[in-house]
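Novice: here's my sequence, what's the structure:
(chains A and B)
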Amino acid sequence: DTAVSQTPKYLVTQMGNDKSIKCEQNLGHDTMYWYKQDSKKFLKIMFSYNNKELIINETVPNRFSPKSPDKAHLNLHINSLELGDSAVYFCASSLAYEQYFGPGTRLTVT
Amino acid sequence: LAKTTQPISMDSYEGQEVNITCSHNNIATNDYITWYQQFPSQGPRFIIQGYKTKVTNEVASLFIPADRKSSTLSLPRVSLSDTAVYYCLVDYSGAGSYQLTFGKGTKLSVIP
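Specialist: Numbers count the residues shown, from 1 in each chain, chains lettered A, B, ... in the order given. Predicted coordinates for the structure are as follows:
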């Protein structure tokens, strides 16, 4: 009965590869988010998605793209992975202001 | 550029009240302030949210002065299990823009 789930929990891959992280929420929320948390624990929003409206943080490289097959899912696709993409990626969802976070996906690019 | 600033770390003894202040000078009329707690290897967890004056729930209080340029999270009688990183989040909606900006987090260490 996990509210926000992410897969995989750990992802190790080589530079240049393309990978995806999946996120699912069973809370019936309208808005979903992707965050990046770097090694210094700084949390930065990457995207938010609400009723097919995508709001992008303009500092996010276009190698990153969110894809929402339905309201309960927001997957993150990353092309041509770079060393600097290594981080923990969190998915979250909300109905109003309170966000529910997933457990995170630790991405390591070698 | 919207900015949310908070102290990097704080120490406290068990049983004491802890106050963590966040500065958000560019906050706009419709922006809310939210605080999250994060334990190692977990996602952040909602603690409290407020707009003005004071909000209290079962775990914390949030004090927001009239100018709303800062906010203070108050944790009463902390225990060892309150050791975590606490993040202030402001939604700088502004005039048609949308920026969710977390502070860099305050690492609270509770000492026995």
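
Novice: report pLDDT for the residue in chain B positioned nearest to chain A.
Specialist: Of all residues in chain B, residue B:43 sits closest to chain A, at 3.0 Å by Cβ to the nearest Cβ. The C-beta positions use only the backbone N, C-alpha and C, and glycine is treated the same way. Reported pLDDT at residue B:43 in the predicted model: 96.

Novice: number of nearby residues for it?
Specialist: The number of residues packed around residue B:43, counting by other Cβ atoms under 10 Å in any protein chain shown, is 22.

Novice: who touches the worst-scoring helix or strand of chain B on mean pLDDT?
Specialist: Each helix and strand of chain B was given a mean pLDDT (mean pLDDT, DSSP states H and E); the minimum falls on strand B:99-102 at a mean of 81. Residues outside strand B:99-102 that contact it (Cβ atoms under 8 Å, 6 or more residues apart in numbering or on different chains) are A:33, A:42-45, A:48, B:2-4, B:36, B:87-93.

Novice: give the partner strands of that strand in its sheet and their orientations.
Specialist: Strand B:99-102 has its sheet partners listed here by DSSP bridges as strand B:84-92 (antiparallel).

Novice: could I have the PyMOL command that selects the buried members from the contacts of strand B:99-102?
Specialist: PyMOL command restricting these to the buried ones, with burial defined by 16 or more other Cβ atoms under 10 Å in any protein chain shown:
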select buried, (chain A and resi 33+43+44+45+48) or (chain B and resi 2+4+36+87+88+89+90+91+92+93)
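
Novice: export the least confident helix or strand of chain B to PDB, keeping only CA atoms.
Specialist: Backbone C-alpha positions of strand B:99-102 (Å, rounded to 0.1, in the frame of the first residue of the first chain) are rendered in PDB as follows:
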ATOM      1  CA  GLN B  99       9.200  28.100  -8.700                       C
ATOM      2  CA  LEU B 100       9.400  25.500  -6.000                       C
ATOM      3  CA  THR B 101      12.500  26.400  -4.100                       C
ATOM      4  CA  PHE B 102      13.900  24.300  -1.200                       C
END
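
Novice: how confident was the prediction at residue A:13?
Specialist: The pLDDT attached to residue A:13 in the predicted structure is 97.

Novice: wait, what's in contact with the closest residue to it other than its chain neighbours?
Specialist: The shortest distance from residue A:13 to any residue that is not its chain neighbour, by Cβ to Cβ, 6 or more residues apart in numbering or on different chains, is 5.5 Å, and that residue is residue A:19. Under the criterion of Cβ under 8 Å, 6+ apart, the contact partners of residue A:19 comprise A:11, A:13, A:77-78, A:81, A:107.

Novice: much appreciated, bye for now.
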